[in-house]
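Q: Predicted model and sequence below, questions to follow.
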Amino acid sequence: MQVLKKINKVSDEVYKSILNKKKPQLEMPIRSLSNVDYNGEFFDLGKRSKKRTLTASTIKTFAQTLRMMAFSKELVKSEDIATKRETYYVSKNWAEARFKKQTESDSIMEDIEAMMRVNREQLGFIPEEKGGDIAGKLTVIDKDQDTGEEIKIDCTKFGSGAYSVPISVENLKFKTNAKFILAIETTGMFQRLNKHNYWKKANCILISMGGVPTRACRRFIRRLSDEADIPVYAFVDGDPYGWLNIYRTLKVGSGNAAHINEYFCVPQAKFFGITADDIKKYNLPSHPLKDIDKKRIKDGLKNDPFIAQHKKWKKALKDLRKMKVRAEQQALATHGLNFVMSDYLPDKVKDPKSWLP
Amino acid sequence: MVKISKGTIAYELAKGQRDISIAEFFSRNRHLLGFDNPKKALLTTIKEAVDNSLDACEEADILPEIEIQAIDMGDDRFKVVIEDNGPGIVKKQVPKIFAKLLYGSKFFKLSQSRGQQGIGISASVMYGQLTTGRPAKIISKISKNDPAHYYELVIDTKKNKPDIIKDEVVEWDKNRGTRVEIDLEATYRRGKRSVDAYLKYTAVVNPHATIIYTSPNAEQIIFPRVTDKLPEKPQEIKPHPHGVELGRLIKMLNITKCRTIQSFLKGEFSSVGAGTAKKICENAALRPSRTTSRLSREQAEKLLKGIKKTKIISPPTNCISPIGEKLLKKGLKKEINAEFYCTVTRSPSVYRGNPFLVEVGIAYGGDQRADSKATLMRYANRVPLLYQKGACSITKAARETNWRSYGLSQSSGSLPKAPATILVHIASVWVPFTSESKEAVAHYPEIIKEVTLALQEAGRKLKKYVKRKKKVKAEIKKRDFIKKYIPHIGGALKELNNLDEVKEREVEKLLEEILKQDRGKLKKLGILDNPEYDEEFAKIGRKKDASAKKDK
């Protein structure tokens, strides 16, 4: 198995250098927005790396990384899995090497992914997070967990409910004749569109991301879009968080998981709104920008390689900063509860000039 | 009926008005001399006698050997006996020295000595006489071939004159020396301000003296000398014009043998030549050739103003004899088991025409407590100052020094919180005490400044050590932290590389070796070998002395 080989290679190197009386060390990429290259498609991992070895500042994470590698090896060998949370609790047996918070153990896990260029599922780790909700003109083909028999899931048949994206989507197949995928930030907006069967009217697939899309959600949209060859439109709040954190992560991936971005992003996604122009055009009720919003705009303009390559986004951020306001998706309700379905979304579909890249 | 006029009242009052002799004044104001309470009385009596003995020995180039006995006679009465191997006192001087206040050799000259005013020992005699009614008993012998004279003395407090009760020649097995025996009312306590502590502190800065002490508990403690070198003899100097006050000036004018003001200024003061003398007269608007004998009080005042107006060079400073950095360190090492010692002897300086010099010693770390304030040992002319800490300029300087910049923690306006002892010694031809009991040095800005500079100099030496120690401590902490995780690396590799337990131990051992080799050798710090440290000696005068509890 490839992952086992990779783990062995790293641990052999550590062991050998100890036997040679050399300081053992682990080297892995720095996972941050400052160490990504935007290749026009997605955020690729940069070249800068960090080292863990016998120093006061890195010894703890050095030991923790090795321990987690050992745990991963055990999982892979026995074909078992552990959730991120379970892994965190397993570390509680490691005395002073245990993790104090789950974010610490998550971070070490991602370091191992990045170091070996694998994803956590290959290492035997799985997340607890939900992938997102689906409704609309799509049939997902999955397998029965016991018999391996094919199961066809018709996403038009969930009524007021929805199909849930599973944690691992690699083995799913799709059948659809929808015209586009609409990725929605809030569950509230998804509910409204689903309740009124907007997908029927617009012949589309609705996906609720529930904030920043999870890896599984991103991967699901990507595979669906690639295989069915249909476009993806994002519909999020008109604020820096919706633009920079949710949409940008959907489209090009994140800074701290750059090692998996290549497969876990949707470069073909387009941005519907809410744009700064929408706020003006539809005269949407707005709220003043919070300090954190202003900081996000500033950081985005300064540090985000994605923004740096898109003049339109730069302008959008600057406009918002000038307007000093933000507007939520649901602000469209000011023109009537169904205005979003009767006017806003049809207008958007028709007018690619109103989109952002 | 008698008509009372104002005049008659004055006559009535006059009946109650009379001279109060100095002796009588002091007998009513005993606190001024250090006899405020019975505990202090014992200390003051012994202190005055020991100070005199040390002064006399040094003046005569004799290595001092002083024996002190404090005998508990019951009912809060004590007998103290102080015997030295000094030069002795000529027969006719004995009564005046021990039974007349303000009589002494030291008042009219300026020289760095322990005694200054000629009050100390006679005040002790008076205190003994007042509290027990018993005379002081003195034996003194000036050479092998001279007889030993024995006196029993009391002070006539009205006339401030010795009253001789007994005067005879006795057999004494000593070649020379003086023995003083005083009965007094007192109490004995151990601790920071006890006789024990005083003698120990004295031994620290008088390494050339041997002191043999028998305490009221009949324990004998010997503080042996650690050097045979007598301190350099301080030179006597004439007063500097800028140091005299009007009263003193008038007194000097009265007793001088110089005829003219100019020759008086030139002859009786230091740093005054013919030119300076003329200049002073000019500034005072007095004729240089005026005779000194008929100068009025107003004219003396004019002369003093003239002196103040005139620029006069500083007095010579070779009259000061420091303990020296080396001997000071030796003394500290004997008393404190520390990790680091540093000492500083400043060059002499001048306040109000009086030369003085400051020395500082610091003992840091070791057995000393880190969670309490540093101990401050104050000395003036080699005499420990045990009382009135708060009123002393040494304390003020030590508290106001910024010890934080030398790596110690300190809340502002107090001594640093550190495992340290800070010793400060001021040597001067005239130490300005705040009172006759000589417990605190007065706040002269020049003195505070010099003490501060000396403390800072020592502080800078200390800082280097403290920094190094902190660095080593931080390094040890880091290493220990790293070592904690070595077993985890071993454990993980055991699973990852299928190692057996022998190999796992090997990995851990190798990692420790790699760590050592990577981070270099640790500098050895901590308590160094200190052959001079004497545990028994160090215990003396400590508050938490185990035997002190037994006493109670």
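A: Thanks, I have the structure now.
Q: Now for whichever residue of the stretch 201-350 of chain A sits closest to chain B: which residues touch it?
A: Of all residues in the stretch 201-350 of chain A, the one sitting closest to chain B is residue A:259 (21.2 Å; CB to the nearest CB). (Glycine included, C-beta is placed from N, CA and C.) By CB atoms under 8 Å, 6 or more residues apart in numbering or on different chains, the contact list for residue A:259 reads A:29, A:31, A:45, A:110, A:113-114, A:117.
Q: With neighbour count and distance to residue A:236 as extra columns, can I get those residues in TSV?
A: Output for these, formatted as TSV (neighbours: other CB atoms under 10 Å in any protein chain shown; distance: CB to CB, whole Å):
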residue	neighbour count	distance to residue A:236
A:29	20	29
A:31	22	24
A:45	22	26
A:110	20	25
A:113	23	27
A:114	21	28
A:117	13	31
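Q: Pick the one among these closest to chain B.
A: Distance to chain B across these (CB to the nearest CB) is lowest for residue A:113, with 17.1 Å.
Q: Quickly find the element holding that closest one.
A: helix A:102-116 (DSSP states H and E).
Q: contacts for that helix?
A: A:3, A:6-7, A:10, A:26-29, A:31, A:45, A:61, A:64-65, A:68-69, A:72, A:84-85, A:87-88, A:91, A:99, A:119-120, A:123, A:125, A:256-260.
Q: Tell me how far that helix lies from the chain's centre.
A: 16 Å (CA atoms, centre = their mean, to the nearest Å).
Q: got the buried residues for it?
A: Using 16 or more other CB atoms under 10 Å in any protein chain shown as the test for burial, helix A:102-116 gives A:102, A:104-106, A:108-116.
Q: can you count the residues close to residue 310?
A: Picking chain A for this. Counted with other CB atoms under 10 Å in any protein chain shown, residues neighbouring residue A:310 total 15.
Q: oops, chain B please
A: The number of residues near residue B:310, taken as other CB under 10 Å, comes to 20.
Q: now residue A:68
A: Around residue A:68 there are 24 residues (other CB under 10 Å).
Q: ditto for residue B:490
A: For residue B:490, using other CB under 10 Å, the count is 23.
Q: what sits against the closest residue to it other than its chain neighbours?
A: Nearest non-adjacent residue to residue B:490, counting by CB to CB, 6 or more residues apart in numbering or on different chains: residue B:508, 4.3 Å away. Listed by CB under 8 Å, 6+ apart, the contact partners of residue B:508 are B:486-487, B:489-490.
Q: change it to 7 Å
A: With contact set as CB atoms under 7 Å, 6 or more residues apart in numbering or on different chains, residue B:508 has these partners: B:486-487, B:490.
Q: these two touch, right, residue B:83 and residue B:179?
A: Yes: contact criterion CB atoms under 7 Å: residue B:83 and residue B:179 qualify, at 4.3 Å.
Q: Filter the contacts of residue B:508 down to the ones in helices?
A: Counting by DSSP state H, the part of the contacts of residue B:508 found in helices is B:486-487, B:490.
Q: Give me the pLDDT value at residue 355.
A: Defaulting to chain A. Per-residue confidence at residue A:355 stands at 94 (pLDDT).
Q: hm, I was asking about chain B
A: Here the pLDDT value assigned to residue B:355 is 89.
Q: Over to residue B:531?
A: At residue B:531, the pLDDT value in this model is 64.
Q: now swap in residue B:440 and tell me
A: Residue B:440 is given a pLDDT of 92.
Q: give me the low-pLDDT residue ranges for the chain?
A: Just going to use chain A. Applying pLDDT under 70 to chain A picks out residues A:1.
Q: think we crossed wires, I meant chain B
A: Judged by pLDDT under 70, the stretches of chain B that qualify are B:1-7, B:16-23, B:26-27, B:102, B:104-109, B:116-119, B:523-532, B:534-552.
Q: Kindly report the residues of it close to chain A.
A: Chain B has residues B:478, B:481-482, B:484-485, B:488-489, B:492-493, B:495-497, B:507, B:510-511, B:513-515, B:518 near chain A, with proximity defined as CB under 7 Å from any CB of the partner chain.
Q: Only the buried members of these: can you turn that into a PyMOL selection?
A: Burial among the residues of chain B next to chain A is assessed by 16+ other CB under 10 Å; the matching PyMOL selection reads:
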select buried, chain B and resi 482+485+488+489+492+493+495+496+497+507+510+511+514+515
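Q: Which ones among the residues of chain B next to chain A map onto strands?
A: If you go by DSSP state E, these have nothing in strands.
Q: Which ones among the residues of chain B next to chain A map onto helices?
A: B:478, B:481-482, B:484-485, B:488-489, B:492-493, B:495-496, B:507, B:510-511, B:513-515, B:518.
Q: domain assignment for chain A?
A: A:2-126, A:133-354 (automatic domain parsing).
Q: State the distance spanning the first to the last residue of the first one.
A: Taking CA to CA, to the nearest Å as the measure, domain A:2-126 stretches 18 Å from start to finish.
Q: gap between that domain and the chain center?
A: Counting by CA atoms, centre = their mean, domain A:2-126 comes out at 20 Å from the chain centroid.
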